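Novice: give me a model of this one.
(one chain, ligands or ions: 2)
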Amino acid sequence: MTTQDLPVVTRDGAAADGHQAVMVPLNQRALVPTQPERIRRIREHMVRSLRDLRTLKQPERNASPLRPEPLGFAGTVARAACTLCQGFCCKGGGEHAYLDERDMARVRQARPELEARAVIRLYMERVPAEGYAGSCVFHGKQGCTLDRSLRSDVCNSYFCNGLRDFVNTADGAASVVVTGVSADGETRLSPVLTR
Ligand code: SF4
Ligand code: SF4
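Specialist: Numbers count the residues shown, from 1 in each chain. Ligands and ions are numbered 1, 2, ... in the order given. Sure, this is the predicted structure:
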């Protein structure tokens, strides 16, 4: 794509040539090797979550749901936005990834053949050798290393403000340009996305 192909985006986020603008933040963190201390902490968190599952009342009923991605054009825009942004919102995931006993109930119900130790191993194998400094321990260069079935309900249901506003009102937009803006003013634009 050349700069001539890029739409002009005004200061308030509206695309100047008729495309709807969806504003998202940008992850600017550096990639660094994953420290053993972080692996130890996520392992401890997994052990705790699985232990808490033992005392969860009615685990069948209280398991977190596996929420689907948005469908259709909303899904196309959401995927483009998160790819452009590279996971700004994952910064809060630390060494817990928002996983809890309700997520463990869902994972264990979906994989009844796995013992607790095997579930922990499943997660530990997903910790990337290199990840974004200070972000979630599963936040690798290509994005989240967990598929949706292993992610927390928090992760599967979260959208940042700009994306959530679009997903909730996607019906009206014929074409969209996702605009990522960082705190220090770096700007990235997606290609024009059409239905
Ligand atoms: S939900 Fe928003 S902040 Fe999170 S990765 Fe997607 S675009 Fe970025
Ligand atoms: S588990 Fe994945 S989606 Fe959730 S915070 Fe970590 S990297 Fe982000």
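
Novice: report the buried residues of stretch 180-195.
Specialist: Of all the residues in stretch 180-195, those buried under the rule 16 or more other CB atoms under 10 Å are Gly180, Val181, Leu189, Ser190, Val192, Leu193. Where you see a C-beta, it was placed from the backbone N, CA and C, and this is true even at glycine.

Novice: hmm, I was thinking of stretch 88-101
Specialist: Those would be 88-91, 93-101, for stretch 88-101 by 16+ other CB under 10 Å.

Novice: take these and write them to a markdown table, including pLDDT and distance to Cys144.
Specialist: Formatted as a markdown table, the buried residues of stretch 88-101 follow (pLDDT from 0 to 100; distance: CB to CB, whole Å):
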| residue | pLDDT | distance to Cys144 |
| --- | --- | --- |
| Phe88 | 97 | 13 |
| Cys89 | 98 | 11 |
| Cys90 | 98 | 7 |
| Lys91 | 96 | 13 |
| Gly93 | 98 | 9 |
| Gly94 | 98 | 14 |
| Glu95 | 98 | 15 |
| His96 | 98 | 14 |
| Ala97 | 98 | 9 |
| Tyr98 | 98 | 12 |
| Leu99 | 98 | 12 |
| Asp100 | 98 | 17 |
| Glu101 | 98 | 21 |
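
Novice: immediately after the longest strand along the chain, which helix or strand?
Specialist: Using DSSP state E, we find that the single longest strand of the chain is strand 175-181. Using DSSP states H and E, the helix or strand that follows strand 175-181 in sequence is strand 187-189.

Novice: what helices and strands are in contact with that next one?
Specialist: strand 175-181 (3 or more CB pairs under 8 Å, 6 or more residues apart in numbering; DSSP states H and E).

Novice: chain center to the strand it packs on: distance?
Specialist: Chain-centre distance of strand 175-181: 18 Å, with CA atoms, centre = their mean, to the nearest Å.

Novice: pull the residues that contact stretch 165-174.
Specialist: With CB atoms under 8 Å, 6 or more residues apart in numbering as the contact definition, stretch 165-174 has outside contacts at Gln20, Val22, Pro70, Gly72, Phe73, Ala74, Val77, Ala78, Phe159, Val176, Thr194, Arg195.

Novice: for it, give the mean pLDDT please.
Specialist: Throughout stretch 165-174, pLDDT has a mean value of 82.

Novice: and stretch 34-49, by the same measure?
Specialist: Mean predicted lDDT for stretch 34-49 stands at 98.

Novice: contacts for that stretch, please.
Specialist: Here stretch 34-49 makes contact (CB under 8 Å, 6+ apart) with 95-97, 99-101, 103-104, 119-120, 123-124, 127-131, 137.

Novice: hmm, try it at 6 Å
Specialist: Applying CB atoms under 6 Å, 6 or more residues apart in numbering, the contact partners of stretch 34-49 are Glu95, His96, Leu99, Asp100, Glu101, Met104, Ile120, Tyr123, Val127, Gly131, Val137.

Novice: tell me the buried residues in that stretch?
Specialist: Judged by neighbour count using 16+ other CB under 10 Å, the buried positions of stretch 34-49 are Thr34, Arg38, Ile42, Arg43, His45, Met46, Ser49.
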